[in-house]
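Enquirer: Output the structure for:
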Amino acid sequence: MSTFISEPGTRLAGRYRLEDRVSDTAGSTLWKAIDETLARPVAVLTFAPGFPRVQHVVTAARAASRMTDARLAQVFDVEDVGDRAYVVLEWVSGESLDDLLASGPMEPARAAALIGEAAQALAAAHATGLAHLCLTPRSLRWTPGGGIKITGLGVEAAMYGAHAESPAVADTQGLGRLLYAALTAHWPGEDNVYLPPAPHLDGELCTPRQVRAGVPAGIDALCTLAISGRPGRGRPALTSPAALAYELSHVAPAAPLTPPPLPVHSPTGRGTSGRGSAGRSARGYSSGPSTSPQSRAGTEAMRAQGFRPPPPRESRGIGKALAGVVIIFVVVAVGFGAWSLSRDLGGPASSGGTNSPLQGAPVVALTPLSAHGFDVYDTTGQDGNENDIQAPLAIDGNPRTAWHTLFYENDPRFGGLKKGTGLILDMGKPVKLSTVEVLFGPTAGADVQIEVGNNNALAPSTLSAFTTVARANDVPGGDYTFHASGTATGRYVLIWFTKLPPQPQSQRNFEAEIFNINVRGTS
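Expert: Sure, this is the predicted structure:
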C-alpha cells in the first residue's frame, strides 16, 4: 500500500478538504478538515511515504468504525485504495483532561464519576474485542455538550505498535492512571508532558491520599489497585474496565459530570494560548457537542460480565422535580396506610390487653441514625469494623452506592476465619421490626439473619444478646424483603451474614454487598 503527501487545500474523495495541520507523530499527520458534503469539521489522518504500519492502522480503524457508543470518538471513513491511504475521524472539540487539571485536581467524587464513565465506555469496546492501550490525559476529553469522549480507540495502538499480554488489564491500568491524574493533578506514567510527574516514596508510587488530602480511602484503594494490576488491601485485582466501572459506581456518591472551572489563560500561560492547538489536540479529535448517555452496548457488556452498572443520567432538573412528586406521594401513602392499619389492626380497642408501649402503634418507615461494620470476631486486622468507612452508603438512600464486606478467598464461610460478620444499624430508640428490605449485590448465595438487640459492643458475646427475627439462606441477588416475627425489640438492628456470595468477577473470592436498606416497624 502506498501513501501520499498532503497539503492544506487538498481534497480527499472529493469531499474532505484539509485545512490545518494539527500534529505530526509516528509517521502520520493529523489534520483538521471539512467534510464538504455534510458541512462539518472532521479529523483526517494521513501517512508519510513508506510508513510501515499503514495496514495495521487501516485495519484497526475499520474495526473501530463499528463502535456506536457516543463516548467513543467515531471513525467515519477509511481509504486504502490506489496511491493514497487515510482515516477520517470525528473531530472532538472541548478540553482534554490535562486542560481541566491545569488549575488543580478535581473533587474526588467527580473524578471517580468521570473515570467511571470512561471505564463503562471502554467496557463496551472490550466486549467487541477492541482495546485502547495508549490512554493518556489527552485521550479523555470533556465536550461542550457536557459529556466525555475517548479518542484513539484501536487506532493509536496500531500507529505506535502497542501490544499487551492482557489488553483488559492494560486498559484498566490506563484508567487507573487517569483517575490518579484527576485526583492529584500529577501523572503516574512516563508518556505525558503537561502534568507534573507523580511523586514516589522509597521507590514506590505515592497513593493519591499521600499526594492530596481529602481523597476518600475507598477511591484511593481502587486507584491503587487499578494501576498495580495486582491484588492488594484485602481486595482482588481489578482486571477489566467493566470491573473498575462496577467498583467505582459504589465507592463514590453520584456526582454530576461537571468539570471544574477552567483557568483564565494568558498568552504566555499554561493554557489554550500557551500550548497551542497542536499540543492540545495531538491525541484528541472530533466534531462538536455530544452527550454521554449510558450506552446500551456498555450496559450489556457489564451485565454480560456479571456487573450492574449505574442507571443512566437524566436531566437533573426534571429528575429532582419527579423525585419531589414521588416523595410527596410516598409520604401521603405511608401516612394513610399507617392510619388505616392502626384503625383496622392496631388500635387500642384491639390491643389484646397488653401494656407494651409498641403494641398497637402504626407500622411506619424507620430511619437509622447510623450504620457500622460489625465484625465481632476481628480476625483480619481491620479493627473490628468490617469496612466501616463505607457503612453509611448502605443507608444513604442511593441505590448506586454500597457497603461491602471484606473479600475472603476459596470459602464462602469467610475463608474459615470466622463464623460471621455484618452491618449494624443504630435506630436511636427501641423498635419492633415488621420488614427489612435489603438491596443486595447482583450475585446469589448469601445466608443472612436479621437480629435486634440493645448492645453494640464489638465482642462475640454480644451476639447472645441479640434475638433473630428473620433469616434466609441462599438469598438471591438484588432486592429482598425479610419479614420479622416475634415480639423482640431493640435499639440496634443487625444484618448478620453467615455465608457470603461469590464476587461477580470471581467464583473463588467471596463478599457481600448492601446497596440500600429500608426498615419498617413500630417505635
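Enquirer: and the protein, what are its domains?
Expert: If you go by automatic domain parsing, the domain ranges for the chain are 11-90, 95-153+160-261+281-304, 314-353, 363-522.
Enquirer: Output those as a markdown table; include the columns mean pLDDT.
Expert: Formatted as a markdown table, the domains of the chain follow (pLDDT from 0 to 100):
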| stretch | mean pLDDT |
| --- | --- |
| domain 11-90 | 91 |
| domain 95-153+160-261+281-304 | 82 |
| domain 314-353 | 42 |
| domain 363-522 | 87 |
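Enquirer: would CSV of the ones you listed with mean neighbour count be doable?
Expert: In this view, the C-beta of every residue, glycine as well, is placed from N, C-alpha and C. As requested, the domains of the chain are exported to CSV (neighbours: other Cβ atoms under 10 Å):
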stretch, mean neighbour count
domain 11-90, 18
domain 95-153+160-261+281-304, 21
domain 314-353, 11
domain 363-522, 19
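Enquirer: ok, and what's touching the strand or helix carrying Arg209?
Expert: Assigned by DSSP states H and E, Arg209 falls within helix 208-211. With Cβ atoms under 8 Å, 6 or more residues apart in numbering as the test, helix 208-211 has contacts from 179-180, 183-184, 186, 198-199, 201, 215, 217, 219-220, 223-224.
Enquirer: which residues does the closest residue to Leu179 other than its chain neighbours contact?
Expert: Nearest residue to Leu179 in three dimensions, chain neighbours excluded: Ile115, at 4.3 Å (Cβ to Cβ, 6 or more residues apart in numbering). Applying Cβ under 8 Å, 6+ apart to Ile115 gives the contacts Leu175, Leu178, Leu179, Ala182, Leu244, Leu248.
Enquirer: can you give me how far stretch 442-452 is from the chain middle?
Expert: When distances are taken as Cα atoms, centre = their mean, to the nearest Å, stretch 442-452 is centred 25 Å away from the chain's centroid.
Enquirer: wait, stretch 176-192
Expert: Worked out by Cα atoms, centre = their mean, stretch 176-192 lies 17 Å from the chain centre.
Enquirer: just stretch 400-416 next, same as before
Expert: Offset of stretch 400-416 from its chain centre (Cα atoms, centre = their mean): 20 Å.
Enquirer: Return the alpha-carbon coordinates of that stretch using CSV.
Expert: In CSV, the C-alpha atoms belonging to stretch 400-416 read as follows (Å, rounded to 0.1, in the frame of the first residue of the first chain):
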residue,chain,number,x,y,z
ARG,A,400,-25.8,3.3,43.3
THR,A,401,-23.6,3.3,46.4
ALA,A,402,-22.9,0.3,48.6
TRP,A,403,-21.2,-1.1,51.7
HIS,A,404,-19.5,-4.4,51.2
THR,A,405,-17.7,-6.9,53.5
LEU,A,406,-14.0,-7.6,53.0
PHE,A,407,-13.4,-10.3,50.5
TYR,A,408,-12.5,-13.8,51.5
GLU,A,409,-10.8,-16.4,49.4
ASN,A,410,-11.7,-20.0,48.5
ASP,A,411,-14.5,-20.5,51.0
PRO,A,412,-17.9,-18.7,51.2
ARG,A,413,-17.8,-19.1,55.0
PHE,A,414,-15.2,-16.3,55.4
GLY,A,415,-12.3,-18.4,54.3
GLY,A,416,-12.6,-20.4,57.5
